[in-house]
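K.L.:
the sequence isn't on hand, but the structure is:
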Ligand SMILES: [Zn+2]
């Protein structure tokens, strides 16, 4: 199995002051041995921030500093474990790392609010190696509106600054991630984005009615851009509140295949981005094998599974600017 996982929040967990461990050994879902066992070729590591953590402590500007801390942390980790892990800023880097037997780590930003209206921060993040950004998390920010059960929020889209950001990301060759966006923001992003648009960690709303998931129309629209969606293993997005079940994962993948075609589904585990599950049938990357087997049982070919695990995401990552 070769794996490209489009999303995890492990950096956020490991940079928490109360947390012990590092990328080699920790009590998170993702660590280097589990990735090696799984056959991970690329792991996208989100620099995620929740602005609520910085309320009265600097807000988005403090969150932006935390993004830098996470980028620096990953850099130091790869110096520490340079035999096993290397940063990648392009597909060329991924190929080189893979030949050397190293897992590629790519850095992304989840919560574009950290730009806080400063376009130069986008340029700076690019310089630091960010090649994909999730403009929204779960709050309204300087870019636009987030997913919400409140229709008045869900229909609202990009703000003028947000439109500039998406346009500039296209010029830079940064991938835009619509996971967490409102339906209005989704539409505006698709209108402005150059190249494939992705949902790094979102499932199907038809199967699990949650504003974080994609409608069938959205799946079709993303597929038309050449984009992908990464299957998220969080129970509520799969359909069962406190459990993450393989049976539901297979249903979402099959639905994505039906609605978006063979080039559409990918993996975006969201490992270490959520708590509160009483049962996780896949809790570490090496256990994704169980999902592979379950889909095979449903008649999905090995060639198609390789697309879902690896090739569909590879196609998108190859399109990034160097
Ligand atoms: Zn997320």
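P.N.:
Thanks, I have it. What you are looking at is a predicted structure, and each value in this text was computed from that prediction instead of being measured.
K.L.:
burial check on the closest residue in space to residue 307 that isn't next to it in sequence, number of neighbours?
P.N.:
Counting by Cβ to Cβ, 6 or more residues apart in numbering, the nearest residue to residue 307 once its immediate chain neighbours are dropped is residue 262, at 6.1 Å. Using the backbone N, CA and C atoms, a C-beta is placed for each residue, glycine as well. Number of residues near residue 262 (other Cβ atoms under 10 Å) recorded here: 16.
K.L.:
report the distance from stretch 39-53 to the chain centre.
P.N.:
Distance, stretch centre to chain centre, for stretch 39-53: 7 Å (Cα atoms, centre = their mean, to the nearest Å).
K.L.:
follow-up on the earlier one: pLDDT at the residue nearest to residue 307, what is it?
P.N.:
Note on residue 262: pLDDT of 98.
K.L.:
my read is that it contacts residue 306, right?
P.N.:
No: with contact defined as Cβ atoms under 8 Å, residue 262 does not count as touching residue 306 (10.9 Å).
K.L.:
if we can go back for a sec, got phi/psi on the residue nearest to residue 307?
P.N.:
For residue 262, the backbone dihedrals are phi -70, psi -20 (criterion: degrees, to the nearest 10).
K.L.:
so where's the chain shaky on pLDDT?
P.N.:
321-322 (pLDDT under 70).
K.L.:
go through the top helix by length along it and flag the buried ones.
P.N.:
If you go by DSSP state H, the chain has its longest helix at helix 59-80. Within helix 59-80, the residues scored as buried using 16 or more other Cβ atoms under 10 Å are 60, 62, 63, 64, 66, 67, 70, 71, 73, 74, 77, 78.
K.L.:
what sits up against it?
P.N.:
11-12, 14-15, 22-24, 45, 47-51, 53-54, 58, 85-87, 105, 107, 109, 111, 113-116, 121, 125, 128-130, 141-142 (Cβ atoms under 8 Å, 6 or more residues apart in numbering).
K.L.:
tell me where the stretch 101-250 of the chain has strands.
P.N.:
Assigned by DSSP state E, counting those that start in this stretch, the strands in the stretch 101-250 of the chain fall at 103-110, 132-134, 175-176, 229-231, 243-244.
K.L.:
what's the second one packed up against?
P.N.:
Going back to what we said before, that points to strand 132-134. On a contact count with 3 or more Cβ pairs under 8 Å, 6 or more residues apart in numbering; DSSP states H and E, strand 132-134 meets strand 103-110, strand 175-176.
K.L.:
which neighbouring elements make contact with the longest one?
P.N.:
Packing partners of strand 103-110 (3+ Cβ pairs under 8 Å, 6+ apart): helix 32-38, strand 40-48, helix 59-80, strand 85-87, helix 91-99, strand 132-134.
K.L.:
if we go to 6 Å?
P.N.:
In terms of contacts (3 or more Cβ pairs under 6 Å, 6 or more residues apart in numbering; DSSP states H and E), strand 103-110 is packed against strand 40-48, strand 85-87, strand 132-134.
K.L.:
okay, the angle between it and helix 91-99?
P.N.:
Here strand 103-110 runs at an angle of 140 degrees relative to helix 91-99 (axes from the mean of the first three to the mean of the last three Cα atoms, to 10 degrees).
K.L.:
name the strands paired with strand 103-110 and say parallel or antiparallel.
P.N.:
According to DSSP bridges, strand 103-110 forms sheet pairs with strand 40-48 (parallel), strand 85-87 (parallel), strand 132-134 (parallel).
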